[in-house]
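**Q** sharing a sequence plus its predicted fold:
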Number of protein chains: 2
Amino acid sequence: MERHVKDSPSEGQSPVTDPGHPVKCSPVVIDDVSLNGPTLNVLAAEEFIHQSMDIIIEDAVKKASDVREKVCEWHSPEQLKELLDLELRDGGESDSKILQRCKDTIRYSVKTTHPRFFNQLYAGMEPYSMVASFIAEALKPSLYTYEVAPVFTLMEDAVLRKMMKLIGWEEGGEGIFNAGGSMSNMYAVNLARYNHCPDIKELGLSAAPRLVMFTSQECHYSIAKAAALLGIGTKNVYVVPSDNRGKMIPSALEDKIKMAKSEGAAPFMVNATAGTTVLGAFDPIEEIADICEKHNLWLHVDACWGGAALMSKKHRHLLKGIHRADSVAWNPHKMLMACLQCSAFLVRDKTSLLQRCHSNRASYLFQQDKFYDISYDTGDKSLQCSRKPDAFKFWLMWKALGTSQLEQRVDRALAMARYLAQEIKKRKGFRLLMEPEYANVCFWYIPPSLRNLPDGPELYQKLHTVAPVVKERMMKTGSMMVGYQPHGDKANFFRMIIISPQVSRQDMDFVLDEIHNLGKDL
Amino acid sequence: MERHVKDSPSEGQSPVTDPGHPVKCSPVVIDDVSLNGPTLNVLAAEEFIHQSMDIIIEDAVKKASDVREKVCEWHSPEQLKELLDLELRDGGESDSKILQRCKDTIRYSVKTTHPRFFNQLYAGMEPYSMVASFIAEALKPSLYTYEVAPVFTLMEDAVLRKMMKLIGWEEGGEGIFNAGGSMSNMYAVNLARYNHCPDIKELGLSAAPRLVMFTSQECHYSIAKAAALLGIGTKNVYVVPSDNRGKMIPSALEDKIKMAKSEGAAPFMVNATAGTTVLGAFDPIEEIADICEKHNLWLHVDACWGGAALMSKKHRHLLKGIHRADSVAWNPHKMLMACLQCSAFLVRDKTSLLQRCHSNRASYLFQQDKFYDISYDTGDKSLQCSRKPDAFKFWLMWKALGTSQLEQRVDRALAMARYLAQEIKKRKGFRLLMEPEYANVCFWYIPPSLRNLPDGPELYQKLHTVAPVVKERMMKTGSMMVGYQPHGDKANFFRMIIISPQVSRQDMDFVLDEIHNLGKDL
């Protein structure tokens, strides 16, 4: 089995036999390289691929998502470097050695599909989406043109249309899948700017007035990153205060807009967040849309996290007014469990704004004399050149589950968050930051030694050091992963994120028990 | 087997049995949702995953890369929509139906791993890299923090270091893998600008002088896209003429720099291309570096395509002087055959410029009170938030093949291009644009009816319509895929790209025979 996948030696020796390549020609050697016959025959790699697939299914799928196994096996960077032998050398390694490396890679990786991984805004194993991602990886399509990616181009379009329907854009619009929600937010800022002043694409900002955009203090950090990248400047992102639930205060937004205008600056867009990263708060889109209309500002809704609620009749009220947005970012790889990455950017415009804003008409890709309808070539709408078929990972699972089961999942995750919040309120030593609005449950754990302290700065100063220690112990035990962070004036607290149908109330109980076990001596 | 992967009903009925979740608690129902026990048990999906893996190996790996099979089965968008039934509905579908959808998706997709796919700057099947990508998809890591992606964080570092060695940065530097070469070029422009004037990150460009950057007329279109996105403006990309081989003319660069200065603009960077998209030309980096030093400009080398030559002792002279670059973009997913996407952006700086330029210090991810060395948290260097472990797809194949076999592949691809060029010169009815410098072979096919026309505008006007028709017939036959394009004042010509060790001289002969067969009546 060893070395059968490797290229056969190219000098002198006979090439790989391949029924499609009858080797009857006289040998051709150029630059000392023999060119007769392929030196890599993929059919010969079948055994290696089968063996690695067995490892993937056993270790990376079944074991990784088994609640009885650890979420992670912690090692410091220094230890892990020793364990892995990362150096790349002149000589290659045998297939058996490579299979062992696959096993080790899986073993020492964090199991984000484990039912007790609650650390990020994504989690869980989705078998249909995973299979779709395997197909995509094997086929290696790139979505610049219909010619190279016919199936995936059409699937992307079908998924985008369905998502736009859920947003409430009855007359359509357009969109594009891209490499993450941060990218979607960058698209939004670029599009809003282009809409405000198309000349900037050619002339740049040096002759333009100072552009100003608005977002809440709770928004995702990619809004500021976009402002920095796009040459707008982070100081020209005017931060609008949020209320104590983390929602943007509309009157404060209007104040900021007036302030910007009085300074002679040019306001051009508002970012509303539907599902903030830490608190899971939803900005009041309806009121914000009124203000945007009044001041003629582009309204972008960052619904990367909260967009999933649109699937639910029970919860879609959280995004009331989203149909009035000019653009929406929505990541099915978060709450909806499509494989990473699966991020859609959607635009209500129907005048090819996306294309006009981003196009560069590369003649080697977007030939105008093609024999099919070139409106199916989506690549010129994109900031990327090669682009993965991420929509397929959502399409296949949506086909399998139907909208109804996606809805059930969202409803169940939000019910689970409510259950956890109830339990936190019942238990001594746990304190809820606020009632959850979505699937984020934020709380402090108060070890027995601090329970008699009065509510005040001293308590929170001490609590600030509790979460990091509990987190360290959690990682070293490998029993679960829950994130913590400080936030505004709030001392370090835990943020539980509930997503996956692999999770039950028993896991919620486990999390609280385990935090207590890990931290009770602090 | 049907429906076993679906979530079990959540209301009333008993949950999925799972040995890790002993269901002894009293039932809890919140918002009409039963929360006892998981409703999705991944272990139950094993059969479905096994069956889809069989389909993937048979259809998407073996058949897709078998030279006796078609490269594509052409259908117009309208026909394909009929064949695929893309609509997403309320109800889900059975597993057997989903497996059929997997088969159809593969069947109607273009086989970019087929030995006769020569249409883009990537091609071929690389089993080790494919297996790595499957592992990555199953594990769903995201590279913001060491905590969540310990193994992949270290692998990325190891791969970047090795690539920097090949570039010749003896003292290191840093880098980041990202979602494609266009993104890498955007990173470069942003970094060059930050280096020129760090205040722009906060203040934006509205108060800045007009920034100007330089690139050749043959560069990739992402340079202009970056200028548009970053607020520099496409008109502030000064296009430097290239010679008749497609290489930037250094004296013309210097003229453009002087011109910009005389206009009162602020030049800040030069993009040199190592391996242009169409012609495969290499800009003279050494001379360009001299000019950049003299004028204190950031030198970025877009080696997305040509970087692979650094692997080859025979061909690395093409990039002579690259060690003097301030930044380099290099896509192992092109010539080196790592699975899509695998794109590195590398920076010579050792003062954390990348981090300072892009950081936003999100408190929920990049906590400063972690228990491990947070210099391993790479996410704050990135424009993306969630980021895939693309370096692993290169690391695993590099381990398996060793540098020596990667070198052999590059040498063989370039020798194959020379062979093809020789054959073109020998054959009646084929005309080479120029001797290939790299793996791009550009040529016209002249059907018998045009062979007696004198070299002149009439011939090229007629030739311009030949390639699109041959391409249409090629797609409808499914025998191979070769790109064509017009370029500057050149009429439509074919561009063959040679990469994969699955390809032999017989395939080169086939391509020329087939083009003649498809176009001889024109």
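**A** Okay, I see it. Numbering: from 1, shown residues only, chains lettered A, B, ... in the order given.
**Q** so for the closest residue to A:A228 other than its chain neighbours, what's the pLDDT?
**A** Of all residues not flanking A:A228 in the chain, B:K201 sits nearest, at 4.7 Å (Cβ to Cβ, 6 or more residues apart in numbering or on different chains). From N, CA and C alone the C-beta is placed, and that goes for glycine too. You'll see B:K201 listed with a pLDDT of 96.
**Q** tell me how many other residues surround B:K201.
**A** Using other Cβ atoms under 10 Å in any protein chain shown, B:K201 is surrounded by 23 other residues.
**Q** measure it to A:Q217 for me?
**A** Separation of B:K201 from A:Q217 (Cβ to Cβ, to the nearest Å) stands at 19 Å.
**Q** sorry, back to before: contacting residues for the residue nearest to A:A228?
**A** Residues in contact with B:K201, defined by Cβ atoms under 8 Å, 6 or more residues apart in numbering or on different chains, are A:228, A:233-234, B:194, B:357.
**Q** what is the nearest of those residues to A:E47?
**A** B:C357 (46.7 Å; Cβ to Cβ).
**Q** hang on, the closest one packs against B:V189?
**A** No: using Cβ atoms under 8 Å, B:C357 makes no contact with B:V189, being 10.9 Å away.
**Q** strands of chain A, start to end?
**A** A:29-30, A:33-34, A:117-118, A:174-178, A:211-216, A:237-240, A:266-273, A:298-302, A:327-330, A:343-347, A:430-432, A:440-445, A:481-487, A:490-497 (DSSP state E).
**Q** where does pLDDT dip in the stretch 151-300 of chain A?
**A** Within the stretch 151-300 of chain A, no stretch has pLDDT under 70.
**Q** next: chain A.
**A** In chain A (pLDDT under 70), the answer is A:1-5, A:8-25.
**Q** in this structure A:P448 contacts A:G519, no?
**A** No: using Cβ under 8 Å, A:P448 is not in contact with A:G519, being 9.5 Å away.
**Q** so for those two, which sits in the more crowded spot?
**A** A:G519 (20 against 13).
**Q** run through the residues that contact A:G92.
**A** Here A:G92 is in contact with A:6, B:399-402, B:404-405 (Cβ under 8 Å, 6+ apart).
**Q** which of those residues lies closest to A:V148?
**A** B:L401 (26.5 Å).
**Q** now do the contacts for that closest one.
**A** The neighbours of B:L401, taking Cβ under 8 Å, 6+ apart as the test, are A:6-7, A:92, B:128, B:409.
**Q** make TSV out of these and add distance to A:P209.
**A** Formatted as TSV, the contacts of B:L401 follow (distance: Cβ to Cβ, whole Å):
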residue	distance to A:P209
A:K6	61
A:D7	59
A:G92	59
B:Y128	53
B:R409	53
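**Q** who's in contact with stretch A:140-151?
**A** A:152-153, A:156, A:365-366, A:370, A:372-374, A:376-379, A:382, A:385-389, A:392, B:72, B:75, B:77, B:80, B:84, B:105, B:108-110, B:112-113, B:119-120, B:122, B:339-340, B:475, B:481.
**Q** report the buried residues of it.
**A** A:140-151 (16 or more other Cβ atoms under 10 Å in any protein chain shown).
**Q** coming back round to it: what's the most distant pair in the contacts of B:K201?
**A** A:G233 and B:C357 (13.4 Å).
**Q** how close does A:G233 sit to chain B?
**A** 3 Å (Cβ to the nearest Cβ, to the nearest Å).
**Q** so what's the residue count around that residue?
**A** Around A:G233 there are 25 residues (other Cβ under 10 Å).
**Q** that one against A:K225, yeah?
**A** No: applying Cβ under 8 Å as the test, A:G233 and A:K225 come out as separate, 11.9 Å apart.
**Q** a markdown table please, covering the strands of chain A and showing mean neighbour count and distance to chain B.
**A** Formatted as a markdown table, these follow (neighbours: other Cβ atoms under 10 Å in any protein chain shown; distance: least, Cβ to the nearest Cβ, whole Å):
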| stretch | mean neighbour count | distance to chain B |
| --- | --- | --- |
| strand A:29-30 | 17 | 4 |
| strand A:33-34 | 21 | 4 |
| strand A:117-118 | 26 | 9 |
| strand A:174-178 | 27 | 8 |
| strand A:211-216 | 27 | 7 |
| strand A:237-240 | 21 | 10 |
| strand A:266-273 | 26 | 9 |
| strand A:298-302 | 27 | 12 |
| strand A:327-330 | 30 | 11 |
| strand A:343-347 | 28 | 8 |
| strand A:430-432 | 18 | 16 |
| strand A:440-445 | 24 | 10 |
| strand A:481-487 | 21 | 4 |
| strand A:490-497 | 22 | 7 |
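**Q** no further queries at this time; thank you.
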